[in-house]
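1. pasted the sequence and its predicted model underneath.
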Amino acid sequence: SNLEAGNTTTTLYAQYVGISFVFNRQSYSIYNNEVLQVLQGKSGYLTSTVDSTFTSTITYKNSSNSTISEPTSIGVYSATITVTKDGKTRGSVTLPFEIIEGDFGKLDGASGKWGSFSNPYVIKNATHLKNLSGIVNGTQTALNSIVGSDNGAVTADQVVAADNKFANCYFVISANIGSASAPVELVPIGRNASNCFAGTIYGAGNSIKIIYLNINQGGESNVGLFGYTNGASISYIKTDGSVVGGESTGGIVGCAEHTEIFNCSNSAAVTGSTHTGGIVGYGLHGTNCKIYGDVTNSGTVTGTTFVGGIIGRWHGVWKNGSGTYGTFVNSGAITGSSASIGGIAGFTDGEIRNAINEGKVVGGNAVGGIAGRTQNNIANSYNIGNIIGTSAITQGEISGNPNGVFVGGITGYTMAGDIISHCYN
């Protein structure tokens, strides 16, 4: 009768919502853009776990969007699970995934346990960098880099790492990662004291390797290439791009404990709140942190309190274990809306030597060309940047509010007994 009356009819079929599956032995009730990876050579890694009263099929495509059989070789792929009933499609989900050689790369011809000094984990692309982030942060399961991974197949005779902090492990960055036009969108490596990076990482051949970053973690604490480190050693790395966070934000490290950093630099624009620095946001009190070698910042650094071109707040030393001081240079514009703002350090209680500030420094109170506030000596350093403690300044001046804003070419505020020697402004 509907047809005779000129009406059309449509049959509606209930859609299957929440397609569940197992990928590489991990169960997912629904796909929420998780990182899906499997080791090369594995098969049968994807199964559908939808209601048995429905039928599901899996189709695979390669990076050229051509339909293929289940892949097992290294590459980027997608799998589509299609759910049907009574011959009708009731839903589908497409899962992008990657088949990889391992969590990280390996050096050709290297011997010894993977992750040792002679056979380090290799970071050679954005995937490896993101894997390190996911594993350290506990949001991603290691495939083959930690004892017990690969369903228990990886043993202590094969790899160094006993857990996801990678203590006593070595990483080498073998190439620049990302580019100015295609920076790596990264979640900082390490979130807090429980999920922190504790390994040694350096640029191959003891030469600087550049990592171009796009980190957008506004309002989050512990932000940088490394968000939180404890027992780490970081060297021969340069960050570029953009790093945005909240408290304890730095281009290289957000928050550091028992960490040494040497021969590192930053060109990224770094934006945070309290404890913001071009290299390190915050070096925690009493944790024996060290920074030395040739350390530079040319990126803009913007925060609130404890803001510095190299370090926001530092309770460590500016020298190596042999007592040799580093050389520290800032040429970026440093801006803080409150107190303790410096061209090199917002605050430090370690002696600074061999420091140069060339950048403009703007802050509210305790503003200095080398240190905004210091509780130790400053030696062999100079400032040629404009240092501003109020909104009014003319070229080459050091300007402060006469009602109590502390501003200086070398330091804005220092303790009684501290010595400023062989410095000029």
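-> Cool, the structure landed.
2. in the protein, which spans are helices?
-> For the chain, the helices defined by DSSP state H occupy 126-137.
3. looking at it, which helix or strand does the model trust least?
-> Across the helices and strands of the chain, the lowest-confidence element by mean pLDDT, DSSP states H and E is strand 398-399, at a mean of 51.
4. okay, now the residue nearest to Asn263 when sequence neighbours are not counted: neighbour count?
-> Spatial nearest neighbour of Asn263, excluding adjacent residues (CB to CB, 6 or more residues apart in numbering): Gly293 at 3.9 Å. Placement of C-beta: from N, CA and C, glycine included. Neighbour count for Gly293, taken as other CB atoms under 10 Å: 19.
5. phi and psi next, for Gly293.
-> phi 80, psi -160 (degrees, to the nearest 10).
6. and it, how far from Ile234?
-> 11 Å (CB to CB, to the nearest Å).
7. list residues touching both of those two?
-> 262, 264 (CB atoms under 8 Å, 6 or more residues apart in numbering).
8. any stretches of the stretch 51-200 of the chain with poor pLDDT?
-> Along the stretch 51-200 of the chain, no part satisfies pLDDT under 70.
9. strands along that one, start to end?
-> 55-61, 67-68, 75-85, 88-100, 121-123, 170-173, 184-185, 200-203 (DSSP state E, counting those that start in this stretch).
10. pick the most buried one from those strands.
-> Of these, the one with the most neighbours on average (mean count of other CB atoms under 10 Å) is strand 121-123, at a mean of 25.
11. backbone dihedrals for the one residue sitting closest to the centre of the chain, please?
-> Averaging the C-alpha coordinates of the chain gives a centre point, and the residue nearest to it by CA atoms, centre = their mean is Leu225 (2.3 Å). Here is the backbone geometry of Leu225 (degrees, to the nearest 10): phi -50, psi -50.
12. for it, what are its contacts?
-> If you count contacts by CB under 8 Å, 6+ apart, then Leu225 has 186, 188-189, 211, 213, 215, 237, 239, 243, 251-253 around it.
13. restricted to strands, list those residues.
-> 211, 213, 215, 237, 239, 243, 253 (DSSP state E).
14. tell me the bridge partners for the fourth one.
-> When you say that, I think you mean Ile237. Going by DSSP bridges, Ile237 is paired in beta bridges with Lys209.
15. just to check, it is in contact with Ser207?
-> No: counting by CB atoms under 8 Å, Ser207 is not a contact partner of Ile237; they are 10.5 Å apart.
16. neighbour count: those two, which is higher?
-> Ile237 (22 against 10).
17. picking that back up, so who does the residue nearest to Asn263 touch?
-> Contacts of Gly293 (CB under 8 Å, 6+ apart): 235, 262-264, 320, 326-327.
18. pLDDT score for it?
-> With respect to pLDDT, Gly293 scores 98.
19. same question for the one 4 residues further on.
-> At Asn297, the model reports a pLDDT of 98.
20. and it, how many neighbours does it have?
-> 33.
21. just the one 5 residues further on next, same as before
-> By the measure other CB under 10 Å, the count of residues near Thr302 is 21.
22. bridged to it, which residues?
-> In beta-bridge terms (that is, DSSP bridges), Thr302 pairs with Thr271, Thr335.
23. surely it and Ser273 touch.
-> No: at 9.5 Å, Thr302 does not count as touching Ser273 under the criterion of CB under 8 Å.
24. what's the span of stretch 97-109 from first residue to last?
-> Chord length of stretch 97-109, first to last residue, is 29 Å (CA to CA, to the nearest Å).
25. name the residues that touch it?
-> In contact with stretch 97-109 (CB under 8 Å, 6+ apart) are residues 23, 36-40, 42, 46, 71-79, 114, 119-125, 127-128, 131-132, 135, 142-145, 171-172, 174.
26. cool, and stretch 14-30?
-> 31, 34, 36-38, 42, 45-51, 54, 56, 81, 83, 85, 90-93, 95, 97, 141, 143, 151.
27. swap in stretch 165-174?
-> Contacts of stretch 165-174 (CB under 8 Å, 6+ apart): 104-105, 107, 115-117, 120-124, 132, 136, 160-161, 195-204, 209, 211, 230-231, 236-237.
28. which among those residues end up buried?
-> With neighbours counted by 16 or more other CB atoms under 10 Å, the contacts of stretch 165-174 contain buried members at 104-105, 115-116, 120-124, 132, 136, 160-161, 195-204, 209, 211, 230-231, 236-237.
29. show the contacting residues for Asn288.
-> Asn288 neighbours (CB under 8 Å, 6+ apart): 258, 316.
30. give me the pLDDT value at it.
-> Per the predicted model, pLDDT is 88 at Asn288.
31. switch the ones in strands among the contacts of Leu225 over to CSV; also include distance to Val307 and pLDDT.
-> Formatted as CSV, the ones in strands among the contacts of Leu225 follow (distance: CB to CB, whole Å; pLDDT from 0 to 100):
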residue, distance to Val307, pLDDT
Ile211, 23, 98
Leu213, 19, 98
Ile215, 18, 98
Ile237, 22, 98
Thr239, 17, 98
Val243, 14, 98
Val253, 15, 98
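32. between those residues, which is closest to Asn297?
-> Nearest to Asn297 among the ones in strands among the contacts of Leu225 is Thr239, at 9.8 Å by CB to CB.
33. surely that closest one is in contact with Val253?
-> No: Thr239 lies out of contact with Val253 (CB under 8 Å); the separation is 10.0 Å.
34. settle it for me: which of those two has more neighbours?
-> Applying other CB under 10 Å to Thr239 and Val253 shows that Val253 carries more neighbours, namely 35 against 28.
35. any idea what the more buried one is bridged to?
-> Phe226, Val280.
36. which residues touch it?
-> 224-229, 232, 234, 259, 261, 279-281.
37. repeat for Val93
-> Per CB under 8 Å, 6+ apart, neighbours of Val93: 19, 21, 31, 80-81.
38. quick one: which of those is nearest Ser381?
-> Distances from Ser381 to the contacts of Val93, taken by CB to CB, are shortest for Tyr31, at 54.6 Å.
39. any idea how far the closest one lies from Ser78?
-> From Tyr31 to Ser78 the distance is 12 Å (CB to CB).
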